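**Q** A predicted structure for the sequence below; I have some questions about it.
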Amino acid sequence: MRWLKKREIVIYYLLYKKFKYNEFNIGLAIDLLSPYFSKKTIKNTIKYMTKIGIINKLNETEYRLIPFEDYLSTISFQYLKRRATLRRKIQ
């Protein structure tokens, strides 16, 4: 799993600043982010962030952010576990 790109972090931050951990729909997200990103970029990024688990999809158009700390703990645990196994193979 790769780390988030700057664009994805900025989109998460802007969504968090506006909605916190409350529900929002894709239309509101597009309205909020359209001054900075294209509609296609917004949809693709939200779809990707849903796939990796940083955004929960509640139904067809409703989403909710998960706490960033939860995501970081998940991804860093996987990274550290992989590093430990690679380090053992080297030694």
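**A** Thanks, I have the structure now.
**Q** now do the helices in the protein.
**A** Assigned by DSSP state H, the chain shows helices spanning 6-19, 26-33, 39-52, 68-90.
**Q** which parts of the second one are buried?
**A** Buried residues in helix 26-33, defined by neighbour count with 16 or more other C-beta atoms under 10 Å: 26, 29, 32, 33. The way it works is simple: take the backbone N, C-alpha and C, and place the C-beta from them, glycine included.
**Q** tell me where the model's unsure across this protein.
**A** Residue ranges of the chain with pLDDT under 70: 1, 89-91.
**Q** okay, the helices of the chain in JSON lines with distance to residue 58 next?
**A** Output for the helices of the chain, formatted as JSON lines (distance: least, C-beta to C-beta, whole Å):
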{"stretch": "helix 6-19", "distance to residue 58": "13"}
{"stretch": "helix 26-33", "distance to residue 58": "11"}
{"stretch": "helix 39-52", "distance to residue 58": "10"}
{"stretch": "helix 68-90", "distance to residue 58": "17"}
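**Q** residue 61 is nearest to which of those?
**A** Residue 61 lies closest to helix 26-33 among those, at 5.1 Å (C-beta to C-beta).
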